[in-house]
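A.B. asks: Could you work out the structure for the sequence below:
(one chain, ligands or ions: 1)
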Amino acid sequence: MVITNPILQLKKVSISYTPGKNAVEEVSADIAEKKITAIMGPSGCGKSTLLRAINRMHELYPDIKTTGEILLNGKNILKTNPMEVRRMAGMVFQRPNPFPTMSIYDNVIAGYKLNGISLPKQEKDQLVEESLKNVGLWDEVKDSLFKKGTFLSGGQQQRLCIARALSLKPKVLLMDEPTSALDPIATNRIEELLLDLKNEFTILIVTHNMSQAARISDYSMFMYLGHLIEYDETQKMFTNPSDKRTEEYLTGQFG
Ligand SMILES: Nc1ncnc2c1ncn2[C@@H]1O[C@H](COP(=O)(O)OP(=O)(O)OP(=O)(O)O)[C@@H](O)[C@H]1O
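C.D. replies: All right, here's what the predicted structure looks like:
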(Lines give C-alpha, C1' and ligand atoms only; values in the text may rest on other atoms or scores of the structure.)
Protein backbone atom coordinates (compact mmCIF):
# COMPACT_ATOMS: atom_id res chain seq x y z
CA MET A 1 0.00 0.00 0.00
CA VAL A 2 1.33 3.43 -0.92
CA ILE A 3 0.31 6.55 1.00
CA THR A 4 0.77 9.61 -1.16
CA ASN A 5 1.90 12.83 0.56
CA PRO A 6 2.08 11.37 4.08
CA ILE A 7 2.02 13.92 6.89
CA LEU A 8 3.89 11.62 9.25
CA GLN A 9 6.58 9.08 8.41
CA LEU A 10 8.02 6.48 10.74
CA LYS A 11 11.34 5.15 9.52
CA LYS A 12 12.80 2.12 11.29
CA VAL A 13 11.64 3.34 14.69
CA SER A 14 12.88 1.20 17.57
CA ILE A 15 12.23 1.97 21.23
CA SER A 16 13.71 0.25 24.28
CA TYR A 17 13.03 0.61 28.00
CA THR A 18 15.95 -1.65 28.87
CA PRO A 19 19.17 -1.95 26.85
CA GLY A 20 19.13 -4.80 24.33
CA LYS A 21 15.36 -5.34 24.50
CA ASN A 22 13.17 -3.41 22.07
CA ALA A 23 9.52 -2.80 22.95
CA VAL A 24 9.10 -1.44 19.41
CA GLU A 25 11.23 -3.01 16.67
CA GLU A 26 12.08 -1.16 13.46
CA VAL A 27 8.59 0.09 12.69
CA SER A 28 8.26 1.90 9.35
CA ALA A 29 4.99 3.40 8.12
CA ASP A 30 3.68 6.45 6.27
CA ILE A 31 0.59 8.04 7.81
CA ALA A 32 -2.03 9.67 5.58
CA GLU A 33 -3.09 13.26 6.18
CA LYS A 34 -6.67 13.97 7.35
CA LYS A 35 -7.45 10.30 7.78
CA ILE A 36 -7.92 8.10 10.83
CA THR A 37 -5.27 5.42 11.30
CA ALA A 38 -5.89 2.79 13.98
CA ILE A 39 -3.12 0.92 15.80
CA MET A 40 -4.28 -2.48 17.03
CA GLY A 41 -2.67 -5.48 18.64
CA PRO A 42 -2.65 -7.55 21.81
CA SER A 43 -1.68 -6.11 25.17
CA GLY A 44 2.01 -5.30 25.50
CA CYS A 45 2.77 -5.29 21.75
CA GLY A 46 4.12 -1.72 21.82
CA LYS A 47 1.16 0.38 20.64
CA SER A 48 1.32 3.02 23.39
CA THR A 49 5.11 3.02 23.33
CA LEU A 50 5.07 3.87 19.63
CA LEU A 51 2.38 6.54 20.02
CA ARG A 52 4.23 8.25 22.87
CA ALA A 53 7.42 8.47 20.81
CA ILE A 54 5.58 10.66 18.31
CA ASN A 55 5.16 13.48 20.79
CA ARG A 56 8.46 12.78 22.51
CA MET A 57 6.96 11.78 25.83
CA HIS A 58 9.78 9.27 26.31
CA GLU A 59 12.15 12.19 26.63
CA LEU A 60 10.96 12.57 30.21
CA TYR A 61 12.66 9.24 31.09
CA PRO A 62 16.42 9.05 30.41
CA ASP A 63 16.52 5.23 30.21
CA ILE A 64 14.17 5.05 27.24
CA LYS A 65 15.99 5.02 23.90
CA THR A 66 14.36 5.85 20.57
CA THR A 67 16.20 5.27 17.30
CA GLY A 68 15.22 5.73 13.66
CA GLU A 69 13.41 8.77 12.30
CA ILE A 70 9.97 10.23 12.82
CA LEU A 71 9.23 12.86 10.19
CA LEU A 72 6.33 15.27 10.64
CA ASN A 73 5.85 17.33 7.50
CA GLY A 74 9.28 16.11 6.46
CA LYS A 75 11.06 17.32 9.62
CA ASN A 76 12.63 14.82 12.03
CA ILE A 77 10.82 15.40 15.31
CA LEU A 78 13.46 13.48 17.24
CA LYS A 79 15.73 16.44 16.49
CA THR A 80 13.16 19.17 17.09
CA ASN A 81 12.50 21.09 20.30
CA PRO A 82 10.16 18.79 22.35
CA MET A 83 7.82 21.68 23.24
CA GLU A 84 7.35 22.42 19.54
CA VAL A 85 6.75 18.73 18.83
CA ARG A 86 4.09 18.53 21.55
CA ARG A 87 2.28 21.49 19.99
CA MET A 88 2.28 19.78 16.59
CA ALA A 89 1.32 16.36 17.93
CA GLY A 90 -1.42 16.63 20.56
CA MET A 91 -2.08 13.68 22.87
CA VAL A 92 -5.32 12.39 24.38
CA PHE A 93 -5.17 9.60 26.95
CA GLN A 94 -7.31 6.68 28.04
CA ARG A 95 -8.69 8.37 31.15
CA PRO A 96 -9.97 11.91 30.76
CA ASN A 97 -7.42 14.04 32.62
CA PRO A 98 -8.51 17.68 32.79
CA PHE A 99 -6.28 19.68 35.14
CA PRO A 100 -8.27 19.36 38.38
CA THR A 101 -7.55 22.81 39.76
CA MET A 102 -8.39 24.63 36.52
CA SER A 103 -11.70 25.89 35.16
CA ILE A 104 -13.09 24.58 31.88
CA TYR A 105 -11.89 27.79 30.21
CA ASP A 106 -8.34 27.48 31.54
CA ASN A 107 -8.19 23.80 30.68
CA VAL A 108 -8.87 24.51 27.01
CA ILE A 109 -5.97 26.94 26.74
CA ALA A 110 -3.67 25.19 29.22
CA GLY A 111 -1.25 24.22 26.44
CA TYR A 112 -0.47 27.87 25.77
CA LYS A 113 0.30 28.55 29.41
CA LEU A 114 2.52 25.44 29.61
CA ASN A 115 4.37 26.65 26.51
CA GLY A 116 4.84 30.08 28.09
CA ILE A 117 2.66 31.78 25.47
CA SER A 118 0.38 34.57 26.69
CA LEU A 119 -2.53 35.64 24.51
CA PRO A 120 -4.76 38.72 24.66
CA LYS A 121 -8.11 38.05 26.37
CA GLN A 122 -10.12 38.40 23.18
CA GLU A 123 -7.97 35.81 21.41
CA LYS A 124 -8.28 33.43 24.37
CA ASP A 125 -12.07 33.84 24.38
CA GLN A 126 -12.19 33.05 20.67
CA LEU A 127 -9.92 30.05 20.98
CA VAL A 128 -11.93 28.62 23.88
CA GLU A 129 -15.21 29.02 22.00
CA GLU A 130 -13.82 27.60 18.75
CA SER A 131 -12.16 24.61 20.43
CA LEU A 132 -15.25 23.77 22.49
CA LYS A 133 -17.44 24.10 19.40
CA ASN A 134 -15.04 21.77 17.56
CA VAL A 135 -15.78 19.02 20.08
CA GLY A 136 -19.50 19.77 20.37
CA LEU A 137 -19.21 20.90 23.98
CA TRP A 138 -19.81 24.65 23.67
CA ASP A 139 -23.59 24.61 24.10
CA GLU A 140 -23.31 22.32 27.11
CA VAL A 141 -20.73 24.39 28.99
CA LYS A 142 -20.94 27.98 27.74
CA ASP A 143 -22.69 29.09 30.93
CA SER A 144 -20.27 27.30 33.23
CA LEU A 145 -16.88 28.08 31.69
CA PHE A 146 -15.43 29.08 35.03
CA LYS A 147 -16.46 25.93 36.85
CA LYS A 148 -13.88 23.21 37.33
CA GLY A 149 -13.41 20.82 34.40
CA THR A 150 -13.73 17.87 36.74
CA PHE A 151 -17.38 18.71 37.39
CA LEU A 152 -18.27 17.41 33.92
CA SER A 153 -19.30 13.83 33.06
CA GLY A 154 -16.60 11.40 31.87
CA GLY A 155 -17.55 11.80 28.21
CA GLN A 156 -17.65 15.59 28.52
CA GLN A 157 -14.27 15.56 30.27
CA GLN A 158 -12.80 13.54 27.41
CA ARG A 159 -14.22 16.02 24.89
CA LEU A 160 -12.69 18.81 26.99
CA CYS A 161 -9.31 17.04 26.78
CA ILE A 162 -9.70 16.77 23.00
CA ALA A 163 -10.56 20.51 22.89
CA ARG A 164 -7.40 21.19 24.94
CA ALA A 165 -5.30 19.29 22.37
CA LEU A 166 -7.07 20.95 19.42
CA SER A 167 -6.64 24.48 20.77
CA LEU A 168 -2.94 24.25 19.87
CA LYS A 169 -3.93 23.49 16.27
CA PRO A 170 -1.88 20.28 16.05
CA LYS A 171 -0.90 18.61 12.80
CA VAL A 172 -1.62 15.20 14.30
CA LEU A 173 -3.90 14.11 17.10
CA LEU A 174 -2.54 11.08 18.97
CA MET A 175 -5.17 9.15 20.92
CA ASP A 176 -4.41 6.28 23.28
CA GLU A 177 -7.61 4.27 23.76
CA PRO A 178 -9.62 7.47 24.23
CA THR A 179 -12.96 5.75 24.78
CA SER A 180 -12.01 2.74 26.88
CA ALA A 181 -13.10 4.45 30.12
CA LEU A 182 -16.40 5.69 28.66
CA ASP A 183 -19.91 4.24 28.43
CA PRO A 184 -21.33 3.27 25.00
CA ILE A 185 -23.22 6.54 24.51
CA ALA A 186 -20.20 8.72 25.30
CA THR A 187 -18.07 6.40 23.14
CA ASN A 188 -20.44 6.84 20.25
CA ARG A 189 -20.27 10.63 20.54
CA ILE A 190 -16.48 10.57 20.53
CA GLU A 191 -16.44 8.29 17.48
CA GLU A 192 -18.77 10.68 15.63
CA LEU A 193 -16.58 13.57 16.72
CA LEU A 194 -13.45 11.88 15.34
CA LEU A 195 -15.13 11.30 11.98
CA ASP A 196 -15.96 14.99 11.95
CA LEU A 197 -12.49 16.11 13.03
CA LYS A 198 -10.71 14.23 10.28
CA ASN A 199 -11.90 16.90 7.84
CA GLU A 200 -9.32 19.11 9.50
CA PHE A 201 -6.92 16.91 11.47
CA THR A 202 -4.92 13.71 11.09
CA ILE A 203 -5.77 11.17 13.77
CA LEU A 204 -3.71 8.24 14.99
CA ILE A 205 -5.63 6.13 17.49
CA VAL A 206 -4.61 3.14 19.59
CA THR A 207 -7.60 0.94 20.20
CA HIS A 208 -8.32 -2.49 21.66
CA ASN A 209 -11.76 -2.30 20.25
CA MET A 210 -11.71 -3.93 16.83
CA SER A 211 -15.24 -2.90 15.93
CA GLN A 212 -14.27 0.69 16.74
CA ALA A 213 -11.29 0.44 14.39
CA ALA A 214 -13.55 -1.03 11.71
CA ARG A 215 -16.17 1.71 12.23
CA ILE A 216 -13.99 4.79 12.18
CA SER A 217 -10.55 4.17 10.72
CA ASP A 218 -9.43 4.49 7.13
CA TYR A 219 -6.17 2.62 7.68
CA SER A 220 -5.16 0.04 10.27
CA MET A 221 -1.91 -1.24 11.68
CA PHE A 222 -1.57 -4.58 13.41
CA MET A 223 1.34 -4.86 15.85
CA TYR A 224 2.63 -7.98 17.53
CA LEU A 225 5.58 -8.32 19.92
CA GLY A 226 6.89 -4.87 18.96
CA HIS A 227 6.74 -5.51 15.20
CA LEU A 228 4.39 -3.92 12.71
CA ILE A 229 2.98 -7.06 11.13
CA GLU A 230 0.48 -5.57 8.75
CA TYR A 231 -0.59 -2.10 7.66
CA ASP A 232 -3.34 -1.58 5.13
CA GLU A 233 -6.65 0.01 4.33
CA THR A 234 -8.97 -0.95 7.17
CA GLN A 235 -11.52 -2.51 4.86
CA LYS A 236 -8.87 -4.68 3.23
CA MET A 237 -7.33 -5.73 6.53
CA PHE A 238 -10.67 -6.70 8.04
CA THR A 239 -11.93 -8.60 5.01
CA ASN A 240 -8.75 -10.07 3.59
CA PRO A 241 -5.73 -9.83 5.91
CA SER A 242 -2.39 -10.81 4.40
CA ASP A 243 -0.77 -12.25 7.52
CA LYS A 244 -2.04 -15.25 9.45
CA ARG A 245 -1.36 -13.52 12.78
CA THR A 246 -3.54 -10.56 11.79
CA GLU A 247 -6.32 -12.92 10.81
CA GLU A 248 -6.03 -14.83 14.09
CA TYR A 249 -6.15 -11.60 16.07
CA LEU A 250 -9.11 -10.21 14.14
CA THR A 251 -11.04 -13.42 14.55
CA GLY A 252 -10.44 -13.44 18.29
CA GLN A 253 -8.05 -16.39 18.35
CA PHE A 254 -5.57 -14.51 20.52
CA GLY A 255 -5.05 -11.17 22.23
N1 LIG B 1 7.63 2.24 31.60
C2 LIG B 1 8.00 1.03 31.16
N3 LIG B 1 9.13 0.44 31.62
C4 LIG B 1 9.53 -0.78 31.16
N5 LIG B 1 8.84 -1.48 30.25
C6 LIG B 1 7.72 -0.95 29.75
C7 LIG B 1 7.23 0.33 30.19
N8 LIG B 1 6.07 0.60 29.52
C9 LIG B 1 5.87 -0.45 28.71
N10 LIG B 1 6.84 -1.38 28.84
C11 LIG B 1 6.95 -2.66 28.12
O12 LIG B 1 6.99 -2.38 26.72
C13 LIG B 1 6.21 -3.31 26.00
C14 LIG B 1 5.14 -2.56 25.19
O15 LIG B 1 4.22 -1.95 26.10
P16 LIG B 1 3.07 -0.96 25.60
O17 LIG B 1 2.41 -0.38 26.82
O18 LIG B 1 3.60 -0.03 24.60
O19 LIG B 1 2.09 -1.98 24.88
P20 LIG B 1 0.60 -1.77 24.42
O21 LIG B 1 0.48 -2.52 23.15
O22 LIG B 1 0.23 -0.33 24.38
O23 LIG B 1 -0.20 -2.52 25.57
P24 LIG B 1 -1.67 -2.24 26.17
O25 LIG B 1 -2.60 -2.55 25.05
O26 LIG B 1 -1.77 -3.25 27.28
O27 LIG B 1 -1.72 -0.82 26.61
C28 LIG B 1 5.64 -4.28 27.03
O29 LIG B 1 6.48 -5.41 27.07
C30 LIG B 1 5.71 -3.51 28.32
O31 LIG B 1 5.87 -4.38 29.42
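
A.B. asks: When you work out contacts or count neighbours from here on, use the C-alpha atoms and nothing else.
C.D. replies: Fine.

A.B. asks: Run through this protein and note the low-pLDDT ranges.
C.D. replies: In the predicted model of the chain, residues 255 satisfy pLDDT under 70.

A.B. asks: same thing but 80
C.D. replies: Along the chain, the parts satisfying pLDDT under 80 run over 59-60, 254-255.

A.B. asks: Please enumerate the helices of it.
C.D. replies: Using DSSP state H, the helices found in the chain span residues 47-54, 82-88, 104-108, 110-114, 121-134, 138-141, 154-166, 184-197, 210-216, 234-239, 244-250.

A.B. asks: residues of the fourth one that come out buried?
C.D. replies: Yep, that's helix 110-114 we're talking about. Of the residues in helix 110-114, 110-112 count as buried by neighbour count, 16 or more other Cα atoms under 10 Å.

A.B. asks: now the second one
C.D. replies: Neighbour counts over helix 82-88 (16+ other Cα under 10 Å) mark 85-88 as buried.

A.B. asks: any idea which residue sits dead centre in this structure?
C.D. replies: Leu174 (1.5 Å; Cα atoms, centre = their mean).

A.B. asks: Can you pull the residues of this protein lying near the ligand?
C.D. replies: Residues of the chain lying near the ligand by Cα under 6 Å from any ligand atom: 17, 23, 42-49.

A.B. asks: For those, which single residue is the most surrounded?
C.D. replies: For the residues of the chain next to the ligand, the largest neighbour count, defined by other Cα atoms under 10 Å, is 29 neighbours, found at Lys47.

A.B. asks: Let me see the contact set for it.
C.D. replies: 39-41, 206, 223, 226 (Cα atoms under 8 Å, 6 or more residues apart in numbering).

A.B. asks: Let me know how buried the closest residue to Asp139 other than its chain neighbours is, in neighbour terms.
C.D. replies: Nearest non-adjacent residue to Asp139, counting by Cα to Cα, 6 or more residues apart in numbering: Lys133, 7.8 Å away. Counted with other Cα under 10 Å, the neighbours of Lys133 add up to 15.

A.B. asks: what's the spacing between the closest residue to Phe201 other than its chain neighbours and the ligand?
C.D. replies: The shortest distance from Phe201 to any non-neighbouring residue, by Cα to Cα, 6+ apart, is to Lys34 (5.1 Å). Lys34 sits 23 Å away from the ligand, taking Cα to the nearest ligand atom, to the nearest Å as the criterion.

A.B. asks: Lys34 contacts Leu195, doesn't it?
C.D. replies: No - look at Lys34 against Leu195 with Cα atoms under 8 Å: they stay out of range, at 10.0 Å.

A.B. asks: if I read this right, Thr150 contacts Ser144, doesn't it?
C.D. replies: No - judged on Cα under 8 Å, Thr150 makes no contact with Ser144 at a distance of 12.0 Å.

A.B. asks: between the two, who's got more neighbours?
C.D. replies: With neighbours defined as other Cα under 10 Å, Thr150 and Ser144 compare such that Thr150 has more, 19 against 14.

A.B. asks: Perfect, I'm done here.
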